[in-house]
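Engineer: Any chance you can model this:
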Amino acid sequence: MRARPLGRLLTVALAALFLAASCSSDGDGAAERAPEDDRADERAAGDDPSGGHAPGHGHEPVDADAGADVAPVRGRGAGMGPQGRVPQFVIECPWSHSAPDDPIVHPGHPGRAHLHDFFGNTSTDAHSTTASLVAAGDTSCATKADTAAYWAPALLRDGEPVRPYTAIAYYRPGLGVDPATVQPFPEGLVVIAGDQTATTPQPLDVAAWHCGASPVLHSDPPSCPDTAPLAVRVVFPDCWDGEHLDSDDHQSHMAYSEDGTCPRSHPVPVPQLIFEVRYPVTGDPAGLALASGGVRSLHADFMQAWDQAGLEREVEVCLNGQRVCGVVSNRATG
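Structural biologist: Down below sits the predicted model:
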């Protein structure tokens with residue numbers, strides 16, 4: 001048996017040590033990763049969404065600026081952890097228009113709401129209903145079956161609106177939820193995520209700021225480099241009560257899963273929508289505010305007006321079928 005050169009043995013030993021360190025991801029200091037940061041993993045995993053590893057473990061996210069003022073996560077796993085290798089489909093929806101309208105909170109009253117940026121269905125205004133959105137059928141989204149309406153409070157700088165350049169909608173099972181059990185959103189569902197009245201940090205697994213694909217989430221806008229502009233992220237609940245398409249507060253008919261399980265009051269697992277808005281903003285965040293109030297009033301709204309057959313197909317093929325779609329598989333989702 002030929003002896004191996006010492007240099008090669010040393011290289012193999014170092015590589016093994018590095019691999020062992022890389023797989024030890026359960027340390028207390030792990031930071032939460034934003035969804036965009038998953039793409040390198042997805043490219044490595046190919047069409048196998050598991051990539052040979054279990055889904056993320058839901059470490060508490062890190063806010064480098066807020067320190068002790070950060071609101072703690074509440075163990076829901078709402079978008080926590082590196083989920084890039086779990087089933088999902090991803091929709092890009094460039095900015096459509098802005099208006100002081102809100103067809104969920106102020107239906108039929110144009111101009112009554114704070115300024116919102118709208119994505120997806122291009123017809124969305126104060127008079128919109130899910131039926132009217134489906135009938136209109138036009139969308140800014142790359143996936144034309146997605147005629148749903150998404151909106152978020154406008155970002156202001158020194159009182160002037162900053163036009164976002166795009167939004168990304170990630171549809172995934174809630175953390176730890178069995179993908180085979182996830183059901184499509186029912187037709188006509190409406191829901192708001194986040195708290196527009198918040199003046200203190202919201203849980204970072206619900207609403208956060210970040211820079212590009214940075215793994216660090218913040219309660220307040222960070223200073224972002226030119227290579228990683230500012231973005232916001234709002235995570236929607238993933239459990240439905242199975243009966244109501246709306247509620248008085250536009251939230252109570254939905255709930256977040258806990259440890260992969262929906263509560264008895266909301267027994268139906270639905271896709272977890274992680275909605276990101278991206279802005280052409282870098283550098284000092286001074287002067288930034290949201291039209292809804294301070295920078296901690298992050299929230300987003302959703303009216304389920306997909307082509308229902310299209311949505312059902314995405315859920316069945318991508319989530320129930322445990323595939324990563326629209327990211328690395330290049331499967332046509334339109």
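Engineer: pLDDT at residue 22, what is it?
Structural biologist: Predicted confidence (pLDDT) for residue 22: 33.
Engineer: Let me fix that, I meant to ask about residue 214.
Structural biologist: 82.
Engineer: Then the one 5 residues further on?
Structural biologist: At residue 219, the predicted lDDT confidence score is 96.
Engineer: Now it, what are its backbone angles?
Structural biologist: Per-residue torsions, residue 219: phi -80, psi -30 (degrees, to the nearest 10).
Engineer: for residue 276, same thing?
Structural biologist: The phi/psi pair for residue 276 (degrees, to the nearest 10) is phi -120, psi 140.
Engineer: Repeat that for residue 96.
Structural biologist: Here the main-chain torsion angles of residue 96 (degrees, to the nearest 10) amount to phi -100, psi -60.
Engineer: Would you check that it makes contact with residue 120?
Structural biologist: Yes - contact status for residue 96 versus residue 120: in contact at 6.8 Å, counting by Cβ atoms under 8 Å. Quick note: C-beta positions are derived from backbone N, CA and C, even for glycine.
Engineer: Comparing these two, which shows the higher neighbour count?
Structural biologist: residue 120 (28 against 22; other Cβ atoms under 10 Å).
Engineer: Test my guess that that one contacts residue 144.
Structural biologist: No - under the criterion of Cβ under 8 Å, residue 120 makes no contact with residue 144, lying 10.8 Å away.
Engineer: coming back round to it: shared neighbours of residue 96 and residue 120, anything?
Structural biologist: Shared contacts of residue 96 and residue 120, defined by Cβ atoms under 8 Å, 6 or more residues apart in numbering, are found at residue 140.
Engineer: The helix or strand of the chain with the lowest mean pLDDT: what's the following helix or strand?
Structural biologist: In the chain, no helix or strand scores lower on mean pLDDT, DSSP states H and E than helix 39-45, which sits at a mean of 34. Using DSSP states H and E, the helix or strand that follows helix 39-45 in sequence is strand 88-93.
Engineer: Quick check: mean pLDDT of that next one?
Structural biologist: Strand 88-93 shows a mean pLDDT of 95.
Engineer: Report the central residue of this protein.
Structural biologist: residue 274 (1.7 Å; Cα atoms, centre = their mean).
Engineer: could you say which helix or strand contains it?
Structural biologist: Using DSSP H and E, residue 274 sits in strand 272-278.
Engineer: Name the strands paired with that strand and say parallel or antiparallel.
Structural biologist: Applying DSSP bridges, strand 272-278 is found paired with strand 166-172 (antiparallel), strand 230-235 (antiparallel).
Engineer: Okay, angle between that strand and strand 88-93 too, please.
Structural biologist: Orientation of strand 272-278 against strand 88-93 (axes from the mean of the first three to the mean of the last three Cα atoms, to 10 degrees) gives an angle of 40 degrees.
Engineer: How far off centre is strand 272-278?
Structural biologist: Distance of strand 272-278 from its chain centroid, counting by Cα atoms, centre = their mean, to the nearest Å, is 3 Å.
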